[in-house]
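> Give me a model of this one.
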Amino acid sequence: MLRVTYLEARLPPPTLAPRSTSLERIVRERLSLEAYLRLYRRVGEPLRWDQRLTMPEGELRALLESAFSSIYVLRDSSNEALGFCEFDRGAFPHIELKNFGLVTDAQGKGLGPWLLHHSLQEEWRSNPARIWLHTDTWDHPAAIRVYERAGFRVYEVRDEPAGRL
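Predicted coordinates:
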């Protein structure tokens, strides 16, 4: 069993100061299946992410090519992907933050909150009713604090079998 925490935001995140000394950049991208899976593995393996790895290839490819998929990629000065923030807009005006994280080497440098805030501000431009997500006990220990600082509030906590996520 995993402890699953559901959070939602009904307002845009507080404004975050731009990273004026950073060489990194955030770009909304359409990743190829191969690039997406490479980044998903680099970010998700330490957290036991497997949802996208067990999806049929055709289904995942269709999802990535869909107008409902919105992915923001954090890249360093050599164009290496350091993390991503992925949204599912299929139930608009409700948007689900599906995946968010950084590769291990990029953690602890303030890049995660910057990526999350930037991505959320972009998604709020479409005036959703809310943006929601779930996180669980396998996620990064700082995840809930990062989400709460970005304006998310817990609305439900449940114990669920690991296979249901």
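
> Please, which helix or strand holds Asp88?
Counting by DSSP states H and E, the element that carries Asp88 is strand 81-91.

> which stretches of this protein have low pLDDT?
Applying pLDDT under 70 to the chain picks out residues 16-21, 163-165.

> one more time with 50, if that's ok
Where the chain drops to pLDDT under 50, the residues are 164-165.

> Would you map the helices across it?
33-44, 57-65, 111-124, 143-149 (DSSP state H).

> among those helices, which is nearest Thr137?
Among the helices of the chain, helix 143-149 comes nearest to Thr137, with 10.0 Å by C-beta to C-beta. Where you see a C-beta, it was placed from the backbone N, CA and C, and this is true even at glycine.

> Export the helices of the chain as a markdown table, with columns for distance to Ile26 and mean neighbour count.
A markdown table is the format used below for the helices of the chain (distance: least, C-beta to C-beta, whole Å; neighbours: other C-beta atoms under 10 Å):
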| stretch | distance to Ile26 | mean neighbour count |
| --- | --- | --- |
| helix 33-44 | 14 | 18 |
| helix 57-65 | 18 | 13 |
| helix 111-124 | 5 | 21 |
| helix 143-149 | 16 | 16 |
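
> Same list (the ones you listed) but as CSV, adding distance to Phe100.
Below are those laid out as CSV (distance: least, C-beta to C-beta, whole Å):
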stretch, distance to Phe100
helix 33-44, 9
helix 57-65, 16
helix 111-124, 6
helix 143-149, 8
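
> one step back: counting by contacts, list what the strand holding Asp88 packs against.
In terms of contacts (3 or more C-beta pairs under 8 Å, 6 or more residues apart in numbering; DSSP states H and E), strand 81-91 is packed against helix 33-44, strand 69-75, strand 94-102, helix 111-124.

> And the third one, what does it pack against?
On a contact count with 3+ C-beta pairs under 8 Å, 6+ apart, strand 94-102 meets helix 33-44, strand 81-91, helix 111-124, strand 130-136.

> okay, which residue is most central for the protein?
Nearest to the geometric centre of the chain sits Phe100, at 2.3 Å (C-alpha atoms, centre = their mean).

> sorry, back to before: do you know which of the helices of the chain lies nearest Glu24?
Here helix 111-124 is closest among the helices of the chain (C-beta to C-beta), at 6.4 Å.

> got the contact list for the closest one?
9, 12-16, 19, 22, 24, 26, 28, 70, 72, 74, 82-85, 87, 95, 100-102, 106, 131, 142, 146-147, 149-151 (C-beta atoms under 8 Å, 6 or more residues apart in numbering).

> 7 Å instead, please
Contact partners of helix 111-124, identified using C-beta atoms under 7 Å, 6 or more residues apart in numbering, comprise 12-13, 16, 19, 24, 26, 28, 70, 72, 74, 82-83, 85, 87, 95, 100, 102, 131, 146, 149-150.
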